[in-house]
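Engineer: only geometry, no sequence info:
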């Protein structure tokens with residue numbers, strides 16, 4: 001599965017479910033999880049010092065705790081890992097077994113992708129888009145300019161054309177400037 005994770009959230013539950021067909025959840029296992037920088041094939045988190053490494057891990061595979069009915073979990077505290085930044089993708093790689101349960105050998109791997117986002121930055125931009133000074137100017141193309149909170153620093157600029165890809169012309173009585181909200 002894939003998850004969008006807000007970097008502001010910091011703690012992320014990593015969950016694994018192990019079941020046997022016709023039996024249900026399997027308890028008493030010792031699954032592990034490794035966190036890989038998904039932009040690489042070999043840079044894994046060392047749970048011992050919370051750094052990403054390509055070799056020399058003290059604890060590459062973090063143990064997971066049973067939470068009942070075949071569910072296992074480990075909490076991943078992203079605030080302890082300074083290398084994690086918004087825009088990063090992490091792969092949580094789970095492993096269990098081999099172990100024999102009721103005469104059946106259980107062995108398996110699973111993977112979750114965690115996409116790290118900054119919700120705070122996105123929300124701040126949306127607030128500015130909704131409330132800050134916005135100015136349209138004529139031209140080919142015309143411009144639409146969003147200003148930062150101070151009203152003078154340009155935050156974002158868009159090119160504008162009419163519906164036929166023509167120039168934007170000034171028209172008396174047509175709104176073209178929005179002040180900051182108050």
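Structural biologist: Structure's in. What do you need? Keep in mind the model is a prediction, meaning the values are calculated, not measured.

Engineer: the helices in this structure, which residues?
Structural biologist: All helices of the chain, identified by DSSP state H, fall at 119-131.

Engineer: In this protein, where is pLDDT below threshold?
Structural biologist: Counting by pLDDT under 70, the chain contains low-confidence residues at 120.

Engineer: what separates residue 57 from residue 47, distance-wise?
Structural biologist: Using Cβ to Cβ, to the nearest Å, we find residue 57 at a distance of 8 Å from residue 47. In this view, the C-beta of every residue, glycine as well, is placed from N, C-alpha and C.

Engineer: Looking at those two, which one has more neighbours?
Structural biologist: Counted by other Cβ atoms under 10 Å, residue 57 and residue 47 do not tie: residue 47 has more neighbours, with 22 against 17.

Engineer: which ones are touching that one?
Structural biologist: Applying Cβ atoms under 8 Å, 6 or more residues apart in numbering to residue 47 gives the contacts 58, 59, 60, 61, 62.

Engineer: mind running it again at 10 Å?
Structural biologist: Applying Cβ atoms under 10 Å, 6 or more residues apart in numbering to residue 47 gives the contacts 32-35, 57-63, 74, 76, 80-81.

Engineer: And residue 19, by the same measure?
Structural biologist: Residue 19 makes contacts with 25, 26, 69, 70, 71, 106, as judged by Cβ under 10 Å, 6+ apart.

Engineer: Double-check the first one against residue 101; I have them as touching.
Structural biologist: Think residue 25. No. Residue 25 lies out of contact with residue 101 (Cβ atoms under 10 Å); the separation is 11.0 Å.

Engineer: rewinding a little: return a ChimeraX selection command for the buried portion of the contacts of residue 47.
Structural biologist: In ChimeraX, this line selects whichever of the contacts of residue 47 come out buried by 16 or more other Cβ atoms under 10 Å:
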select :32,33,34,35,57,60,61,62,74,76,81
